[in-house]
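# Give me the fold of what follows.
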Amino acid sequence: MGKLTEKAKQIPAADAVGDQLAIEEQSGNLTLTALSPRIKTVEEALEFGQVDRTVWEVESYQITSWEVGMKVEAVVGNKKITRGAAVTPLWRIAIKLRRIVPKVIEDATTRFFARMREGLPKVKAKALPKISGHHLAELSIYDHHFGKLAWAPETGNNYDLSIAERLYANAVDDLLAYWNGVDIERYIFPVGHDLLHIDSQSNATTAGTPQDVDGRFAKIIECAFESVSQAVEKIAERSHVEVIHVPGNHDWQTSWWLVKCIAERYRGHKRVTVDYSPRDRKYRRHGVNLFCYTHGDKIKKLDRYLAAIASEQPEAFAQCTNKQLRLGHYHRKGATHTVGQNHVGDLEVNYMPSMCGTDKWHHEQGYVSGRRAAEVWLWHRERGYVGHFSATARLG
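The predicted model follows:
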């Protein structure tokens, strides 16, 4: 017998045990038996048997093992020679499985999906149509307080002129994106509501209350003016926009002059109109909808608003079935209140949220607002309220 060379290969004898599998199904149960020198666990046996675990579950199992002798052979040249014997462990795994899903349901489901795959027509994707109709949208970015200063170690949040500018621009982009695909007849864009934090170079409000301020007075006004102008430009690319000045308690004079400058900047623009009249309450009507815009710092009792609106807008008040009071001032999203005794006189009151941070005084007093956000509302000329979206304040 010649010697084994480096090219000699060891091969199992002809009677060596390989992987063996037996599967028997009876009365809704399955018995799987695996015999193998390499399959040693239940999971390996189930995988080897290609058992569908969504149909079957293991009820019981038994694992046994023993050693068997095997001839070791080699090939030298063209001859097969026996080199001796080897002891190999052999594993037997017997598993009993029961159905999770009854066979009749499994067969019916399989046939159903097969028919679906055969019969489904090929559909070419189509562009979604625009939602047409007489819609009005309100872009509500309230109480932004350009120029406010807040320091996180002191108040829990940072807020300054740069942050205010970025939040404002991002909110405009987010809110306008929500109504893509909707045919909007016009936007109402209330500006004011304490757009600026101060009303004079003395860093105080209209009433003279000192404030924590970031930036010089002129710089604050310039930043706010450019932010509002950019917002108007973006809205006007989509539809007509009506800018309405709503005076606040921090910036009555400054915000009025700012909106008047907006009016001069867009004088003659076909899609931009501006209302900077000095009235504290501004009204707009859109079909069945009547809107009253005011800051909310002066009248505290809601029933007084109801009386004021009925007196100042008697015809619209009688004809409109949906009457809305839009308030700011409190820097939080307030619950909707209904004021009135009958359907004709009902007035819905909504407090709009703010994105500005909390300064030191408000933090000390516990006036900490909830989620910082801006909103956009959609109204139909005949059907009234359609829906609204909220854009959470974001810097990135």
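# Quick check: T64 vs T392, distance?
Separation of T64 from T392 (C-beta to C-beta, to the nearest Å): 62 Å. Bear in mind the C-beta positions are built from the backbone N, C-alpha and C, glycine included.
# what's the answer for T31, then?
58 Å.
# ditto for E25
For E25, the distance to T392 - C-beta to C-beta - is 56 Å.
# what does C320 give?
32 Å.
# ok, the two, which is more surrounded?
When neighbours are counted by other C-beta atoms under 10 Å, C320 and T392 differ, and C320 comes out ahead with 19 against 13.
# Any figure for the gap between the more buried one and E348?
11 Å.
# Report the contact partners of the closest residue to A236 other than its chain neighbours.
Spatial nearest neighbour of A236, chain neighbours left out: R271 (4.4 Å); criterion: C-beta to C-beta, 6 or more residues apart in numbering. R271 is in contact with A236, S239, H240, V241, counting by C-beta atoms under 8 Å, 6 or more residues apart in numbering.
# redo that, cut-off 10 Å
R186, Y187, V232, I235, A236, E237, R238, S239, H240, V241, E242 (C-beta atoms under 10 Å, 6 or more residues apart in numbering).
# what does V288 give?
Each residue near V288 by C-beta under 10 Å, 6+ apart is listed here: Q319, C320, T321, N322, K323, W379, H380, R381, E382, R383, G384, Y385.
# What residues of the helix or strand where the last one lies count as buried?
Read it as Y385. Assigned by DSSP states H and E, Y385 falls within strand 384-392. Within strand 384-392, the residues scored as buried using 16 or more other C-beta atoms under 10 Å are V386, H388, S390, A391.
# Now find how far off-centre that strand is within its chain.
With C-alpha atoms, centre = their mean, to the nearest Å as the basis, strand 384-392 stands 13 Å off its chain's centre.
# what's the answer for stretch 364-373, then?
With C-alpha atoms, centre = their mean, you get 22 Å for stretch 364-373.
# Just the terminal-to-terminal distance for it.
22 Å (C-alpha to C-alpha, to the nearest Å).
# Quick check: phi and psi on P278?
Dihedral pair for P278: phi -80, psi 10, per degrees, to the nearest 10.
# which residues does the residue lying closest to it once chain neighbours are set aside contact?
Closest residue in space to P278, ignoring its immediate chain neighbours: W256 at 7.0 Å, by C-beta to C-beta, 6+ apart. By C-beta under 10 Å, 6+ apart, the contact set of W256 is G192, D199, H245, P247, Y276, S277, P278.
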